[in-house]
Every structure is written in C-alpha cells, then in structure tokens.
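Participant: Show me how the following folds:
(4 chains)
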Amino acid sequence: MPAVSMTVNGKAVTGDVEARTLLVQFLREHLRLTGTHVGCDTSQCGACVVHVDGIAAKSCTLLALQCEGAKVTTIEGLAEPNGPLHPMQEAFRENHGLQCGYCTPGMIMSALDIVRRHGNELDEHTIREQLDGNICRCTGYHNIVKAIAAGAKNMPKASTRQAAE
Amino acid sequence: MSATGIGAAVRRKEDFRFITGSGQYTDDVVRPGETRAVFVRSPHAHAKIRSIDVGAARKMPGVVDVLTGAQLATDKIGNLICGWMIHSKDGTPMKMASHPALAAAKVNCVGDAVAVVIAETYEQGRDAAEKVKVDYEVLAAVVDPAKAQAPGVPQIHPDIANNTIYQWHLGDAKATAAAFAAAAHVTKLDIVNNRLVPNAMEPRAALAEYDAGTDNLTLWNTSQNPHVARLVIAAFVGMAPEHKLRVIAPDVGGGFGSKIFIYPEEVVCLWAARKLRRPVKWTADRSESFLTDAHGRDHVTHAELALDAQGKILALRAKTIANLGAYMSTFSSSVPTYLYATLLSGQYDIPSIYCEVDAVYTNTAPVDAYRGAGRPEATFVVERLMEVSARQMKIEPADLRKRNFIKTFPHQTPVIMAYDAGDYHASLKKALEIADVKGFNKRRRDSARHGKLRGLGFSTYIEACGIAPSQAVGSLGCGVGLWESAEVRVNPTGSVEVLTGTHAHGQGHETTFAQLVSERLGIPFENVSIVHGDTDKVQFGMGTYGSRSGAVGMSAIVKALDKIEAKAKKVAAHMLEAAEGDIEFKDGKFTVAGTDKSATWGDVALNAYIAHKFTGAELEPGLKETSFYDPTNFTFPAGCHICEVEVDIDTGKTDIVNWTAVDDFGAIINPMIVEGQVHGGIAQGVGQALLEGAVYDKSGQLVTGSMMDYTMPRAHDLPSFHVGLTETKAPSNPLGVKGCGEAGAIAAPAAVINAITDAIGTEDLAMPATANAVWSALKRATPRQAA
Amino acid sequence: MYNFTFHRPTTVRQAAGLLARNPEAKLLAGGHSLIPVMKQRLAQPSALIDLSLVEGLTGVEQKGRSIVIGAMTRHADAAISPVLQQALPGLAAVPAAVGDPQVRNRGTIGGSVANNDPNADYPAAVLGLGATIITNKRRIAADDFFTGMFSTALEDGEIITKISFSIAKKAAYEKFKHPASGFALVGVFVSKRGADIRVAVTGAGSNGVFRVKSFEEALKKRFAAKSLEGMTIPATGMNSDIHASAEYRAHLVSVLARRALAKATGG
Amino acid sequence: MAMVMTGEVQLPASREVVWAKLNDAEVLKACIPGCEELNKASDTEFQAVAVVKIGPVKARFKGKVNLTDLNPPNGYRISGDGEGGVAGFAKGGATVALAEKEGGTLLTYNVEAQIGGKLAQLGQRLVNGVAKKIADDFFKNFAAMVAAG
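Facilitator: Now for the predicted structure:
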C-alpha cells in the first residue's frame, strides 16, 4: 500500500493507505478525527469541508494521496485544545448557527474560506451566495448567515491565514 | 427572569462539542473488531427473486460472511411492523403486508435489501457485494398512487386486493353534502402534495455488538426514540428479550421524522453481530438514504369548500389518496388519517367536514411521518381553499379568514379535535403589521416596473402537537401510549441529572430542559445535566416527534421536580427542626416561615444522602424522583405566515423577498431556540413549495436519487425571516407550552404557493414551483386582472 | 471506489508516457467530475495520473492580443486573475459561475474542457470566444474541438496544456443555474471580436455545447440585445429532462442571450 | 427513466440490401456503439456485450439482442436488454421501418429506452442525451456500412 505523509492540524502524520482512500476516510478512520463528516456522496453537501494548504476543499472528493505533503486543517485544529475558541466557532455558538451540529464543522471551515476570499466585512448576499457548497437541513440558514457575518467581523485580519496554515 | 432561567435566550450547552468537532454520532463510535455491513439492494422496483448466489462474494478478500433473507427466516427473525391500527369504513382492519428485513422471495421497491455482506472494511464489502448474483424475474411496477387501485394494475402484495391498505373516513358525509347543496359558492381544487425526501444531514447508521458472556446485544443507532426501537425489535421482530437489548442513540444529526422508524438495517446488524460474534456497523451513503429512508407527504387530493354569499364557510370535504409506498413503515398509517383529517378545520369555525382517505401500496420507498406529518398536507388543503375562495369571491384573503376564525375556546371541531386556546386575530394582526401588507400594492407596482410579478400569500395554520393523550390515541388505534417519562436525580453535592425519555437531534434539550430545572430549583444552569438516548440509563420513554418534547417531556420533568421539592422540604424540615408545612422553598433556599432559619439547596441535598438528621423509618434517604406524565389534550400551536415573492416573467424564477412568521407557541422557555426551530421549519416548507420533489419514473426508478437532482434548499434560496410571537398558554400542561418544531414546515408551503399564484394570476400551479413550472403556468394562464 | 495505481508525474512528457503505458488510465486534474463517478463505481480506471505537480500548467497570462490560461489553473484563481479581469472580464465570469466555492477551489479549466460535460460552463466560453486548445501534440480550434456530449477531438494520450483566448472587445456570460447540481441548466456566452460574432450555448443542447448561427447573423447588424428581440430557437435538439423541458430550455437560450448581450454592451 | 426518440436516415441502397444488412450479425456488431461481442444464438437472438462510455462513466453491459416483428423487407423491431453490474440495467428497442425513396431507402426509427439502478438514480441530467446519442450513433454507423456497400 502506498504511504502518505501530510501535516494535519500542525502535526506531521503518515499512513499506509490504498490509493482509493479519500482524504475524509484518512482523517476519520486512520487519524480518528471524526469532526469532519460525510453527508452525501455527490460532492454537494459540504459537511466534509476542510482546508488543504489554506484553501477550503471537500475532503470527500480528494484522495488522501493527492494531499501528499499538504497542510490540512480540520475543525479539530481551529482552536488550541485548552485555549479559546476561534472567533468563528464562538460566533456560531453565540448566534445559534447550529442545531443538530452535523453540517457545522463544514460550515465553519467554509465560513473561514469566505473570509479569506472576501474579507472581514461580509454582507448577507455575499454570505448566502458563498454558502452554495454547504447544505444545512436544520437552521434555514438564517442564523448561520448571522454567525458568519459576526464571526468574520471578530476575526483579526491575519487570523484566517493562521487558521489555515 | 434570570439570565439562564425560563424565557432567557441562553446559548446552548451542546454547542461546544459540535463547533469543535467532538460530537459523537453513530458513525464516530468504534468498537474493537468492528466489521462493516454492505447491503445488496434491488435495482428493480418490482421483481420475484428466483435465486441468490453468494458463493463468489463469500470468497472475496476481507469477507466475513454473506447473509440472505432465507437465513433470516431460518433464524426466525420477525418482520417489521406498523404500530397504528386503522380500520376501513366497512370496519375491516388495515392490510399490513409482511416486511422482512431482507427480502427472500420478492422485492417491492428499488433499494429493497436482498442480502448483506459483512466484511472487514467498507470497500471490501462493496467489492464483494458486486459479486452477489441475484436472478430476478422483473414484474411491471405501479408507482402512481392515483392509479394504484385501478383494475389490472400490478398487485404488489399477493393477498391484498387492489393495493389498498384501507379506505377510511372521518366526519359527517350527509351533513356535509347538505351544506354543499345549499352553498352560494363552492371552491374546488385538485392538489398533489409532493413527495419529499427528509435528508437529515447525518445519514442513518447502526452499529450492533453482541456480548457472548452476558448474551446482551447493544445497538447504537440514529434514532429519535431508542426505547420504541428497542420495544419493537424485542417484542415484534423477536431479536432478543427487551432486557437483553440496549439501544443507544448518541448525537443524532437531524431526524425530521425519518429517524422515528425502525428500519431493516438495524435488525440485520443486530442479527449479524450475534451470528458472527463481531460488531457490525452500517452507515448509509446518501444514495442509500434516498432509496431507503421513509419519504414524506405524497397525497393526491380533491378538495371542496362551501361558502355562503357573505363568505362564511359552511362545509369542507376532501378525498385523498395517500401513497404509503411498498411497505407500511412504523407509524405510516396514522399520518394521512388522524394526523391529517383531524386538522382540516384549520383556524376556522366549520360546521361540517367530511374526509375520505384511501391508503395504497406502490412500488416506491415507504412513506411515513416527515416534519409536520399530515398537518402540512391538511394546512395546504385548507389554506389553498381559503385563498382561492377569497380570490373567486373577490374578498380580501385576510378578511375572509377573519370572517371565519374561531373566536371562543374551547372549540370542538367536527373532526375530533377540541381546540383549547388560541387567538387567531392577534397573530394575523401582528403579521399584517410586520409584513407591511399595507405597502404591498406600491411594492407590486415597483416590481412591475422591473419586469417582475409580485405576489403575497397567507397561511393561517393550526397544528396539533404535544402528541398525545394515551387514552385518546389508543381509542384511535395507536399501539403505544404517548406519555413521557422523566427522572430527576439530585446528587449529594446538589448538582442535578435529569433523565428524559425524549431525544434531542438538534432541538437543544440539554439547554432548554436545564433552564427549566435551573429556574425551578434555583440552582446554577451549569449544575444541571440532561441525559437521554440510552435505554440502559433512562427509564422507558417515548422519544421525540410531533413537537412533543416540550409539552409532554418537560411536563414530566415538572412533575418529577414537584416530587423532588416535596421530598426536599421534608429533609429541610428535619434539618431546620420545623414542621414540614412551615418550610418554604424559593430561589434555591429553604426557609422556615416567619423565621430567619434557612438551609441552602446544597445543604438539603447533602442531608438527604447522609441522612444524619432523620431515620429511615421517618423518611427514606436520597433525593431522586420519577414521573410519567400523560397529557390531557393535544396542544394547538397556530399562527400566521405571510410570504412575499417576486417572479421573473422571463424565466419563471421565484425569489422570496420577504417572510413574516407570527406564531403562538404558548409559553416560551428559550426564544432563541424557538426562533431557530421556526427558521428551519420554514426552510423545509419552502423547499417543498419551490424546490423539492421526489420523482419516480413509470418503472419505479427514483430519478431524483441524489442531491444532484433533488434540490435541497441552500442559503441563497431563502431570505432572512421576520419572526414574531403571540402567546396564549396551553391549558393542558403545567408550563403552558405548545410546541414549535413543525410550525414552519406546516405553514410555509401554502404561503408560498398562495404568493406565487397571486403574482402570476393563475391557480394552476403544482409543487414544487420550479422556474420551469412557473414559466409554463404563466404561458398557460389567462391572467387574472391584477388587484 | 475500485482500487487503482496512483502517479504524480512532474512533466507533461512523463504524464504522456504514463498514459501511453496504461491504456485504462485517466488523467486527474481537479478531480471533481472523475472522483464522484469513481466513488459510485461507475468508472474503473486502472491508474490515475495526477497532473497537479506537473510544471508549467498553471497561470493566466496575456500574450499580445490573447489570454492564455494554463490547463491546471483552478477556477477560483482564474476568476480573480487581475490579468483576466482587466483584459477579458466576460471570461472571468465563467469560472466564477462554476459549481460552488469548494468546487472552484479545486476544479480546473483543462479538466472541464477535456470532459466536455454538456452542462459545464467553460465549453460555452471556449466556443463562444473561438479559443484555441493547446495540447502536448497540437493546437485545436474550438469549432473543431467539441464533438458532442462528453466527446472532444482529443486523441488517446493527448493532454491539454493551455487554452488561448483572443481578447474580444465585448464578451459576457449568463447562466441559469440548476438549483441542485450547480451546473448550467442553460448558459449563454456571447462575444464580438471584429467581425467574429459568437453566441455559444451550454446546458441546453442534447448533444453538448453549440453555436446559435441565427442569433449570430442577427447580431452582425448590431451587437445588442435589441437585435434578438422576438427571436427564438426551436425546441428540437434541446435537452429535455425532469428539470426542464426542451421548450423551456429553448426559451431560456433567447432570454439569456439577450441578458448576456446587455451585459456585454454595458446596457 | 424512459426515453422516446425518433429519427430517419436516407440510405443509398435498395430495401433488400438494407434489410439484409439489418439482419447481419457482423453489421449489427459493428454498428452497436461499444459492442465488444455479438454471438448468434439463433437468426433473431444474440448474446451481446457492449461498453457504454459517457464522459468519465464507463459501464460494461451484458445481455441479449432480439429481432422481432420481422416483416422483410419493410422493417422489424430490434430490442435489447443488458445488466451493467453495479451501474444497473438498460433496456431499449427500436422499431425500424424501410421505405423506398429517391432511388434508395429511407430508414425511420422509433427508439425507446429505459435504464434502472445506479445510472437511473444518479445520471438523470444525462440520460436523454446519452440515449439519443447511442441511437443516433447506431444508425449513423449503419448508414456508413450501407454506403460502404
């Protein structure tokens, strides 16, 4: 089996995987990072979004081997274990941007990518358009949109890149 | 109001684990030696199984075993059942076809499982599943519920004539006919309530483990009601005695009804785990979810409303054909009957109602409760009839509603329900203001200048929640009681665990229930934890559906807290050397009336356990109480939703430009969570109206079988919502709460379609009102004179 | 997914060599069409040849009167390329309209054009601007490249390296997005470069991207939405499925063409 | 999803010649898109293997081809069904009619096709186009064979 090495949440990891192993399977089954979820099998729902080299990607549509040498950040890597939450995480809690929580990790990782691309001042229209790749069945998006706007505002300009790296 | 008590928008306790990725959903649970189950499913909608050859599959790498329906029968694993008996008009019981967890002789829908591969890894299981050879004799399929009973159509279950499950009715046919004969105006509508796929974001999953040493089975699953699952799997499927089966529903990623039911995969995983002495896990991929989760709605209805010349409703009648799919799912029989026809009175004083419902089998996935379950269908019938009647009679839609609102309570409708409280004028009035209905005509003219058609649609809905008084549902055929249980355990240090028979899968019970306990006992919110979802921890409970967790589940907690307080007062009386009757309890403090003697909550809790101040003969040590609460009535949330749309004439695309929801949910524990429930419900209702629709082709293939073809509402399909509340307390439970989980999904479809038909000037529009559908309707229409 | 061998060449020559040695191999660009199909086990390539480490395949450059986009340039990067925004903003709108943000973060122009999905966005721009597809072997004109749904003039072992677009003075893309899949239910690209006027349509035709000659003729008199007023195209040859009828698609072609023209002409 | 489509093609040969080719297994094999095997079980029955390739999708179907309603030299019905393993199954048929026209033969066809299983579940937006393409390709190939003599 081919070996794969990458940096996940700041830690170097390696594993022997079948070529057909998806990044999300590598994260969930090999590394036991189960915060990244699988909600569909056609790359629509966005529950599996992580950052690969700082850019949001659907980890269900990437092979682990494609991420050889990459820096991957998952929801588990956004905040230090005993440190404060990331402002975007905090904003989701503060604004009731989640209900069942299943889409939430993907939503938060996508939200950070929106900030990376569109900055800290986000209007409702931009957020709604940019959430095209993430489906939530619980919230009707109302509070997710609010949470992302608030979280973006509370993020220092540099912090997105930091989180991504 | 304290910062964390009743009425406060407390931030949720459960969120920390979800926003940090540390939630524990079923697929996240791993057991040592775990195997994976991969199901072999029928690609045909209707076929006889001539033979199944698993020989090649067994030899594939990593395969532990391949099991079939024949073995399931040999092992005497029973069928899945429907737990609500409905009788036809002629008194005969409904026709429930046998539903084995693995089909052995015949498949009746695409996705019907015929074998299961148990393998070391998921991919190995899939490799092997391809090697299972099933020889099918393909039969013609029946898909359209409106044609399922016709002579000559394929018969799905051999001993069930005309694919007919029951022919049921409710109401007074004669009185209704007489009222129609005397009517000045009759409105007639043909309605298809489109079939929906629930699509909770977490796919269904099951993990079963067998302990040979104790002969105990454990099932982790994505259930809204683990105790009911255990009961059915023990008592009907006969998997194991109830006390040898533990069901754990950990974090569950949304349910919306689809996770109430007991499904074949859970049964098969348990059976295989015991047979193979290895834990067996199955997690649906979304393609499987589309084929095998119970779908929702799917009614074909002809409905009529009789009115006098002044617009007073005289009678309503409806004839509905309900598609229940290939098999009867756990509660499917109740949805188009007692959860539907009983709500056909809406918010209106209607003297006579008559409803006939035929439930039919088709070669499609089973249909059962989906957010609102019957009530969205009823609301759509009633609110479309109201809107169309208003237009035909040239009465303002809001006025027609006002003329017919029920104004005094209690009110007995002609269809069983006794509404106990409400103020329908209040919610309509508030909604009219928030939606700025006065300014609509100007907005409509502005839209017209930009080539857009603007429309306004109302939906003044009612629902029955707090499901339900056991005696009442028992008399209607329900196989279980619908009370709820609670256990309150006070620890020696004064912290509290509440064990509830309800189950949360996004509703925030850990927060709301803790607010209730914190307020009632005067203890910090942080010192309360809510435990649910594990049959080994929690006493029997009925689970969460039908917006019942507040009205029934919290009421049980209140009753248990009453008992806790009574016991604690006894302990305090011993501690403070006072008469029990002189002890007062307020804000977490026990005082002796008229003195400055007091004891804190913590002191009393500790004393209850150390028992130094009383003997066991006088008072049992400990502080733990249980309650089983059975409601005395349904609750009746109601409200007014107003949808404003703009339709692009060129493309037919509809944009929802404004949404107003004013709901009366009775007393509110956490307004933030309640509003969130409203938002989510509206989104699902808008989804039904504009975007979603499960389509089977004539041969029974699900052609909207993925999120590429089945449109899930996305953020840009929806606006921000304006949500308001009015309040009349529910008299039937101690908190006065009514339930909020389904309101949006119930109200929204009618509001959307009323708005679009207002915009385009024709009533000839089916759901989902896609751009293509609206464009076609516009082309067909002879435009009504714009208001 | 069936298993396969995985290769990461660093040059086009290596990639071509791998392709030649593995007749059942597939090139992997962004992977957002191929991997979903493989996950469903509807494709069984023996090997994947990942082009992401191949040098010289990314970037957007202006070369004289042309814009040249490397085959492995991701949609998200092309959409915000200052060069493209400046020289040919109508083209930049195309990658900006593809799928969803995460798809745009991975998907590439080369992958999209080579796949020639009948509902993809880029083929409309490539045909609508009369672009040239540059491979490791030759240059192919857009008019010769798209040969029907999912089929192109590419031969076995041929790898797209770049696509060159002549800068058109006026160009715009209008898309009616399918609400579930994000593909174009219909997309129309219009352009005018001197006498070369093009109207290319994706999503609508049952055989993939096509040009609307009748519209192009009408636009020769005046390149404006007004020139198409009252003009329609027949529904024959339009795709018809559960999402949209052939009549509706034909209707959208004329609506979107007029809207694209309005955009292209600043109207 | 059931699909229906029609088409016609003018062939530079007599009805008898066209009819003979329509019944020639070698000709049919060469015309059926992706056909890898076509083995005669009788004059009107064949075992077939065909590979269907649609973009990244590639599925191998094994099944039967039948000729029925034979009415020489006016036409027949050619139908087939195949199992594509994990991809699902496909069935289809074409009623073929031959008429003398302009010194040659006008072949008209009415095709209906149906797919099931995973392809039906996931491939909705492509099904019609693909079915049309396969039918068109078949008759285009056939026309070329006739033209080649």
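Participant: Okay, the closest residue to B:V267 other than its chain neighbours and B:N108: tell me how far apart.
Facilitator: Here the nearest residue to B:V267 in space, its sequence neighbours aside, is B:A101; by CB to CB, 6 or more residues apart in numbering or on different chains that works out to 4.1 Å. In short, each C-beta sits where N, CA and C put it, glycine included. Remark: distance between B:A101 and B:N108 (CB to CB, to the nearest Å) = 14 Å.
Participant: and the two? which has more neighbours close in?
Facilitator: B:N108 (27 against 24; other CB atoms under 10 Å in any protein chain shown).
Participant: Am I right that that one is in contact with B:T364?
Facilitator: No. Applying CB atoms under 8 Å, one finds B:N108 not in contact with B:T364, separated by 9.0 Å.
Participant: what do the two both touch?
Facilitator: B:A45, B:A326 (CB atoms under 8 Å, 6 or more residues apart in numbering or on different chains).
Participant: sec struct for B:R489, please.
Facilitator: Following DSSP: H, G, I helix; E, B strand; the rest coil, the label given to B:R489 is strand.
Participant: which stretches of the chain form strands?
Facilitator: Unless you meant another one, I'm taking chain A. Counting by DSSP state E, the segments of chain A that form strands are A:3-8, A:11-16, A:49-52, A:55-58, A:71-73.
Participant: was after chain C, sorry
Facilitator: So, for chain C - with DSSP E - the strands run C:5-7, C:25-28, C:47-50, C:60-63, C:66-70, C:132-135, C:139-141, C:160-166, C:170-177, C:184-193, C:196-202, C:210-211.
Participant: So which elements touch the fourth one?
Facilitator: Just to be clear, that refers to strand C:60-63. Packing partners of strand C:60-63 (3 or more CB pairs under 8 Å, 6 or more residues apart in numbering or on different chains; DSSP states H and E): strand C:66-70, helix C:82-87.
Participant: same thing with the third one?
Facilitator: Using 3+ CB pairs under 8 Å, 6+ apart as the contact definition, the elements that strand C:47-50 packs against are strand C:5-7, helix C:12-21, strand C:25-28.
Participant: And these: which comes nearest C:A78?
Facilitator: With CB to CB as the measure, strand C:25-28 is the member of the helices and strands packed on strand C:47-50 nearest C:A78 (18.9 Å).
Participant: chain center to the closest one: distance?
Facilitator: Chain-centre distance of strand C:25-28: 19 Å, with CA atoms, centre = their mean, to the nearest Å.
Participant: Quick check: neighbours of it in the sheet, parallel or antiparallel?
Facilitator: Looking at strand C:25-28 with DSSP bridges, its partner strands are strand C:47-50 (parallel).
Participant: Can you show me the CA trace of the partner strand as PDB?
Facilitator: What follows is strand C:47-50, C-alpha atoms only, in PDB (Å, rounded to 0.1, in the frame of the first residue of the first chain):
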ATOM      1  CA  ALA C  47      -4.400   4.200 -12.900                       C
ATOM      2  CA  LEU C  48      -4.800   7.900 -12.100                       C
ATOM      3  CA  ILE C  49      -2.200  10.300 -13.300                       C
ATOM      4  CA  ASP C  50      -2.400  13.400 -11.100                       C
END
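Participant: just how off-centre is it within its chain?
Facilitator: For strand C:47-50, the distance to the chain centre is 22 Å (CA atoms, centre = their mean).
Participant: Need the residues that contact that strand.
Facilitator: So strand C:47-50 is contacted by A:19, A:63, A:65-66, C:4-9, C:15, C:18-19, C:22, C:24-28, C:34 (CB under 8 Å, 6+ apart).
Participant: Can you tell me which of the helices and strands packed on strand C:60-63 is nearest to chain A?
Facilitator: helix C:82-87 (14.5 Å; CB to the nearest CB).
Participant: hmm, the closest one touching chain A?
Facilitator: No. Shown here: helix C:82-87 not in contact with chain A (CB under 8 Å from any CB of the partner chain), separated by at least 14.5 Å.
Participant: Show me what that helix is packed up against.
Facilitator: Using 3+ CB pairs under 8 Å, 6+ apart, helix C:82-87 is in contact with strand C:60-63, strand C:66-70, helix C:89-97.
Participant: how does it look with 10 Å?
Facilitator: Judged by 3 or more CB pairs under 10 Å, 6 or more residues apart in numbering or on different chains; DSSP states H and E, the packing partners of helix C:82-87 are strand C:60-63, strand C:66-70, helix C:75-79, helix C:89-97.
Participant: any idea where the helices of chain D begin and end?
Facilitator: For chain D, the helices defined by DSSP state H occupy D:15-22, D:25-31, D:118-122, D:124-148.
Participant: go on, chain A?
Facilitator: A:23-25, A:87-94, A:104-118, A:124-130, A:142-154, A:159-164.
Participant: lowest-confidence stretch among those?
Facilitator: Of all these, the minimum mean pLDDT falls on helix A:159-164 (a mean of 41).
Participant: In chain D, what residue comes closest to chain C?
Facilitator: Counting by CB to the nearest CB, chain D gets nearest chain C through D:G55, at 3.6 Å.
Participant: can you pull the contacts of that residue?
Facilitator: Residues near D:G55 by CB atoms under 10 Å, 6 or more residues apart in numbering or on different chains: C:33-34, C:37, C:42-43, C:114-118, C:120, C:149-151, D:126, D:130.
Participant: ok, so of the residues you listed, who is nearest C:I242?
Facilitator: Looking across the contacts of D:G55 and measuring by CB to CB, the closest to C:I242 is D:L126, at 11.9 Å.
Participant: residues near the residue lying closest to the closest one once chain neighbours are set aside, how many?
Facilitator: Leaving aside its sequence neighbours, D:L126 sits nearest to D:I54 (CB to CB, 6+ apart; 6.3 Å). For D:I54, the count of nearby residues is 22 (other CB under 10 Å).
Participant: Just list whatever residues bridge to D:I54.
Facilitator: D:V57.
Participant: which regions of the stretch 401-550 of chain B sit below the pLDDT cut-off?
Facilitator: Residues of the stretch 401-550 of chain B meeting the criterion pLDDT under 70: none.
Participant: Mind doing that once more with 90?
Facilitator: B:468, B:546-547 (pLDDT under 90).
Participant: Which residue ranges of it form strands?
Facilitator: Listed in chain order, the strands of the stretch 401-550 of chain B (DSSP state E, counting those that start in this stretch) span B:411-412, B:418-419, B:452-462, B:484-490, B:496-500, B:528-531.
Participant: Could you tell me how many residues sit around B:A175?
Facilitator: Going by other CB under 10 Å, the residues that sit close to B:A175 add up to 16.
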